[in-house]
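**Student:** Fold the stuff below for me.
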Amino acid sequence: SRGASSQMNSSDDCVVVASKRVDSRGGELVVHDDKSPLAGSRVVFPPAALASVREVSLAYSTRPVDVKSGIASGVTLVLLVDKVEAFSQPVSIEISYDPKKSTGVVIPYQIDKRGRLHVAQILKIDKEAHRLTFATFKPGAFTWVYP
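**Tutor:** Residues are numbered from 1 along each chain as shown. Presented below is the predicted three-dimensional model:
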C-alpha cells in the first residue's frame, strides 16, 4: 500500500489493481481483474488534468465505512496519483454498482482524511449496465452508498 498512507490511515490494507503512467495528454486506467471488487472500473484523465507525467494507481480497501443512512457498498476505491494534490480538469471515475442493493439510485462520496463523507458530482448513472460515473478534482478515497 505504498503511497496510500497520505490518503488513508496507514493501517488500511489497500490492494492496488491497476497502475500506469499518465501525462498532460490525458489517459485512462482500467481494472481488468475480474476477481477484484473494482472489476471494470475506469478512471479517465482528460487532457491537461495533469501537468506532467505521473504514476497513477487504482486500489481498493474493504474496511467498513461509517455511513449515516442507506447501505454502504462495502468497497472503498482509492485513486493514488504520485505527488499530486489536485487535478486541473475534472477526472471521471466509472464503477459498477450492485443492482440488488440499488433502487436505481446510488450516491458517490469522497472520503476525507478524517473518514467523513462528501458527496461527489454524479456525471451519469446507466441503469441498464449498472454503472455509475462521477467526477473528482482530487485523488483520494471514494465509496458509494445505496439510499
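**Student:** Quick check: which ranges of this protein have low pLDDT?
**Tutor:** 1-12 (pLDDT under 70).
**Student:** Nearest spatial neighbour of the residue nearest in space to the middle of it, chain-adjacent residues omitted?
**Tutor:** With distances taken as Cα atoms, centre = their mean, the residue of the chain nearest its centroid is residue 77 (4.1 Å). Nearest in space to residue 77, with sequence neighbours left out and distances taken as Cβ to Cβ, 6 or more residues apart in numbering, is residue 142 at 4.7 Å. (Glycine included, C-beta is placed from N, CA and C.)
**Student:** Quick check: that neighbour vs residue 48, distance?
**Tutor:** The spacing between residue 142 and residue 48, counted by Cβ to Cβ, to the nearest Å, is 22 Å.
**Student:** helices and strands around the helix or strand where residue 80 lies, which ones?
**Tutor:** Per DSSP states H and E, residue 80 falls inside strand 76-81. If contacts are counted by 3 or more Cβ pairs under 8 Å, 6 or more residues apart in numbering; DSSP states H and E, strand 76-81 sits against strand 54-61, strand 91-96, strand 140-146.
**Student:** tell me the angle the second one makes with strand 54-61.
**Tutor:** If you take axes from the mean of the first three to the mean of the last three Cα atoms, to 10 degrees, strand 91-96 sits at 30 degrees to strand 54-61.
**Student:** what helices or strands is strand 91-96 leaning on?
**Tutor:** With contacts defined as 3+ Cβ pairs under 8 Å, 6+ apart, the packing partners of strand 91-96 are strand 42-45, strand 76-81, strand 131-136.
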